[in-house]
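When you get a sec, could you give me coordinates for this:
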Amino acid sequence: MDDKRSSAAATVSIQRFRAFLCVGISGFVFYNPTSAIQERSALVCENSLLTLDCEKKTGVIRISKANYGRLNLGTCNSLGTIEGWNLRCIQPNSKGIVAERCDGHPKCSITASSEVFGDPCVNTFKYLQVYYRCEPRTPPYTTESTTGTTTTRKAITTTPLRRVCDAVYIEGKNWPYTNVGDVASMKCPPPKVGTVTWRCTGRGWLGERPDDSKCELPVTESPSGETTTQKIRFCEMTVSQGIIWPQVRVGKEVERPCPEGKLGKVTWKCTGAGWQGERPDESMCQLPIRAPIVCENSVLTLDCEKKKGIIRISEANYGRINLGTCKSQNTTDEDVRCIHPESKRIVAERCDGHPECNITASSEVFGDPCVNTSKYLQVNYSCEPRSKHTVTYFE
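The predicted structure is shown next:
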């Protein structure tokens, strides 16, 4: 009997001690593994789309840390660059930018680009790293109503308030990310003139569709007494495919780098009726082709004739960044940090715009970036359509 009392007293003491640890004398909350929410992380390279998803956990996203920049050499470095990059590249507003788009949502996407975050370190290839938690949705509360002898309980679930409304495409318009309380506006579709508006609230966009009640047909008197209509002169700034498209004049075509790690350019033309088509033209976007590596003094052939396209070089290096490729007998003195910074330019001068080209991997062509080291040539490229000729336009 005494043993049971001692055991019970010990249990109570342990529970009180745990409670003391949780509350603390200064009000701090200590880590409790039974109730803590696991922190997750996600990372994508520059110009790729990052998606955070808490839908499977039936929760909402809460951003804890984020940075768009670079803090090491190893991440997003397919060619083994060893110098010239800023390894203290921090965008201090990264968390706020990601949180505005994602906090309180079950799922969200954001592009890791300088158009979204600004460029914290020019001439450095960056990446976006985000730490987040999937928090439970606001728990439901119940209301009771009694009729005679019957009591009815009804569960009511509250939805977390948003800080920003997601970008959305509706009725031929791309509505951009908008802060709660702000009103997004766009020009009315021709031939009407005026402004279409849509208010962002804590519960999302107000109503099922934008408010076009202020759109009217213009009335101007011509010498013959006929009514004429007015075409738009600009296409408004918008967001589509995770890319920000600036305001441009009618007749201009805008180019942007392809999203999600693809090579090439995505284009969108501004017409008198607004942006052409429902979405930008991604026909020039392609996954990179990794050419066979050729050892020193061998000939590399790049071929886009079968694809009826022309060559566009994306990455190249004549040198050595490991011991395993094109092995030589002299393995002890090989320089595995041998990077030729002009490799891409030299290959591009020979190959860009051609359906096929040959180039010799030799120091006579490239110069010798590391004497007494056997080298090799590595090239990544894409095949672009021949018929597509555009001019980059920024306004």
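
could you show me where the helices are in the protein, in order?
Read by DSSP state H, the chain holds these helices, from start to end of the chain: 2-23, 94-102, 114-117, 343-351, 363-366.

what's the least confident stretch among those helices?
Per-segment mean pLDDT for those reaches its minimum on helix 2-23, at a mean of 46.

Show the contacting residues for the closest residue to Ile346 other than its chain neighbours.
Leaving aside its chain neighbours, Ile346 sits nearest to Phe366 (5.8 Å; criterion: CB to CB, 6 or more residues apart in numbering). Quick note: C-beta positions are derived from backbone N, CA and C, even for glycine. Contacts here follow CB atoms under 8 Å, 6 or more residues apart in numbering; on that basis Phe366 touches Tyr318, His340, Glu342, Ser343, Ile346, Leu377.

for Lys187, same thing?
Remark: with contacts taken as CB under 8 Å, 6+ apart, Lys187 is in contact with Val193, Gly194, Thr195, Val196, Ile232, Glu236.

The residues you listed into CSV, with extra columns for distance to Asn47 and neighbour count?
Listed next are the contacts of Lys187 as CSV, based on distance: CB to CB, whole Å; neighbours: other CB atoms under 10 Å:
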residue, distance to Asn47, neighbour count
Val193, 37, 18
Gly194, 36, 15
Thr195, 33, 14
Val196, 31, 21
Ile232, 30, 19
Glu236, 23, 18
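
now, which of those lie within strands?
Judged by DSSP state E, the contacts of Lys187 include Thr195, Val196 as members of strands.

can you list the contacts of Lys187 in CSV and add pLDDT and distance to Ser114?
CSV is the format used below for the contacts of Lys187 (pLDDT from 0 to 100; distance: CB to CB, whole Å):
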residue, pLDDT, distance to Ser114
Val193, 77, 35
Gly194, 81, 34
Thr195, 87, 30
Val196, 88, 30
Ile232, 53, 29
Glu236, 81, 21
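
re the thing from before, which of the contacts of Phe366 sits closest to Leu128?
Among these, Ser343 lies closest to Leu128 (CB to CB), at 27.0 Å.

Touching, that closest one and Ala316? I think so.
Yes: Ser343 is in contact with Ala316 according to CB atoms under 8 Å; the separation is 4.2 Å.

Any stretches of the stretch 251-395 of the chain with poor pLDDT?
Flagging of the stretch 251-395 of the chain using pLDDT under 70 yields the residue ranges 260-261, 329-332, 387-395.

who does Cys270 bridge with?
Listed beta-bridge partners, Cys270: Trp275 (assigned using DSSP bridges).

That one: how many residues sit nearby?
With neighbours defined by other CB atoms under 10 Å, the count for Cys270 comes to 24.

Show me what the nearest residue to Ser78 once chain neighbours are set aside is bridged to.
For Ser78, the nearest residue in space outside its immediate sequence neighbours is Glu315; the separation is 7.0 Å by CB to CB, 6+ apart. Per DSSP bridges, residues listed as beta-bridge partners of Glu315: Asn380.

give the contact list for Glu315.
Applying CB under 8 Å, 6+ apart, the residues near Glu315 are Ser78, Leu79, Pro288, Lys344, Gln378, Val379, Asn380.

measure it to Gln247 for me?
Between Glu315 and Gln247 the distance is 33 Å, computed by CB to CB, to the nearest Å.

Likewise for Val164?
For Val164, the distance to Gln247 equals 21 Å [CB to CB].

Who has more neighbours out of these two?
With neighbours defined as other CB under 10 Å, Val164 and Gln247 compare such that Val164 has more, 20 against 12.

which residues touch that one?
Counting by CB under 8 Å, 6+ apart, Val164 touches Glu100, Arg101, Tyr177, Thr178, Asn179, Val180, Cys200.

isn't the fourth one right up against Ser185?
In this case it means Thr178. No: using CB under 8 Å as the test, Thr178 is too far from Ser185 to be in contact (9.9 Å).

what is in contact with these two at once?
Each of Trp198 lies in contact with both Thr178 and Ser185 under the rule CB under 8 Å, 6+ apart.

Please compare those two by neighbour count and tell me which comes out ahead.
For Thr178 versus Ser185, the count of surrounding residues by other CB under 10 Å is larger for Thr178: 19 against 16.

Can you tell me how far the more buried one is from Ala361?
For Thr178, the distance to Ala361 equals 52 Å [CB to CB].

now Pro176: how far from Ala99?
When CB to CB is the yardstick, Pro176 and Ala99 sit 17 Å from each other.

Check Val248 too.
Remark: distance between Val248 and Ala99 (CB to CB) = 30 Å.

go on, Val193?
For Val193, the distance to Ala99 equals 38 Å [CB to CB].

Mind jotting down where the strands sit in the stretch 1-150 of the chain?
39-45, 49-53, 59-69, 107-111, 127-136, 141-147, 150-156 (DSSP state E, counting those that start in this stretch).

Also the stretch 251-395 of the chain?
Counting by DSSP E, counting those that start in this stretch, the segments of the stretch 251-395 of the chain that form strands are 253-257, 265-271, 274-275, 289-290, 294-295, 299-303, 309-319, 356-360, 376-385.

now for those, which one comes closest to Gly172?
Of all those, the one in closest proximity to Gly172, counting by CB to CB, is strand 274-275 (7.1 Å).
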